[in-house]
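Asker: Mind looking at a prediction? Sequence and model below.
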Amino acid sequence: MHLDHVFVCGHPALDLAATLRARHTLRIETLGTPDRVDAWYLESAVVDAIVPCEPEDADEARAVREAVHRLVTARRLGADHDAGALELLNATARGPAAVPQLTAEGRWTEATPREALAAVARQAVELLSGPDAPLLKECGAPGCTRVYIDRSRGMRRRWCGMDPCGNRVKAAAYRGRRRGTPP
C-alpha cells in the first residue's frame, strides 16, 4: 500500500474532512474508491486492520466526511449547524464502534468499515463539543482548505502544516522578494 493521505490537521475527524482537497477550486477526491477509503482508515491509525470496503461503505464515508466538514465550518465561523449534517454524524456515532483488543504485541483493532467510520464520527462529536473546538482554523495557503487545530502560542499558526503548505507559501514569498514583486 502506498501512503499518500495527509495527516496534518491534528485530529482524525479533521483529517477525514481534508480528504476532499482544494474544496473551493479543483475539488480533488482522495476517497474515490473503496480501497482508498480502506487505506485512509489504516494510514490514519483509526484501526489496525479493516474488512475491505464495498462501494456503499465508501459512499457512506464520503457522506460523513461532508457532514463533518459542514459542522466544523459552522463551528469555526460561529454559524448554525446544518441539521442534516448533525443527524448524519450523530446516527453514525451511535453505530457499533471498533473495539481494541490487547495482544501479546500490544493494542490491535480490527474493524468493519462501518465500525471504523463510527469511531471517527465519535471523535468528531468529541472535537466539536470539546475544548479544542475554539481552536479550529482553516489553512491560509492559497488553494488549501484543510481545517486544523491551532494549539500554537497565541494561536498564530497560519498553515495546516509546514509540509507542504507552509513551505510552499514561504518559498513563493522568497521568490517574490528576490524578483522584487509582492508574494
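Answerer: Structure's in. What do you need?
Asker: tell me what the host helix or strand of Leu127 is packed against?
Answerer: Following DSSP states H and E, one finds Leu127 within helix 113-129. Applying 3 or more Cβ pairs under 8 Å, 6 or more residues apart in numbering; DSSP states H and E, we find helix 113-129 packed against helix 12-17, helix 34-43, helix 55-77, helix 83-93. Yep, even glycine has a C-beta here, placed from its N, CA and C like the rest.
Asker: roughly how far is the helix or strand just after it from the heart of the chain?
Answerer: Counting by DSSP H and E, the next helix or strand C-terminal to helix 113-129 is strand 136-138. Once both centres are worked out by Cα atoms, centre = their mean, to the nearest Å, strand 136-138 turns out to sit 12 Å from its chain's centre.
Asker: Pull the residues that contact strand 136-138.
Answerer: 14, 72, 75-76, 145-150, 155, 157 (Cβ atoms under 8 Å, 6 or more residues apart in numbering).
Asker: Mind listing the strands that strand pairs with, and their directions?
Answerer: Using DSSP bridges, the strands paired with strand 136-138 are strand 147-149 (antiparallel).
Asker: chain center to the strand it pairs with: distance?
Answerer: Worked out by Cα atoms, centre = their mean, strand 147-149 lies 9 Å from the chain centre.
Asker: what mean pLDDT does it have?
Answerer: Averaging pLDDT along strand 147-149 gives 94.
Asker: I'd like the numbering to begin with 19 instead of 1 from here.
Answerer: That works, and once the first residue is 19, the last one we named lands at strand 165-167.
Asker: Now tell me what touches it from outside.
Answerer: Applying Cβ under 8 Å, 6+ apart, the contact partners of strand 165-167 are 26-29, 32, 35-36, 87, 90-91, 94, 150, 153-157, 175, 178-179.
Asker: Please repeat the previous calculation with a cut-off of 10 Å.
Answerer: 26-29, 31-33, 35-36, 86-87, 90-91, 93-94, 145, 150-157, 175, 177-179, 183 (Cβ atoms under 10 Å, 6 or more residues apart in numbering).
Asker: Mark which of those are buried, thanks.
Answerer: Applying a neighbour-count criterion of 16 or more other Cβ atoms under 10 Å, the buried members of the contacts of strand 165-167 are 26-29, 31-33, 35-36, 86-87, 90-91, 93, 145, 150, 153-157, 175, 177-179, 183.
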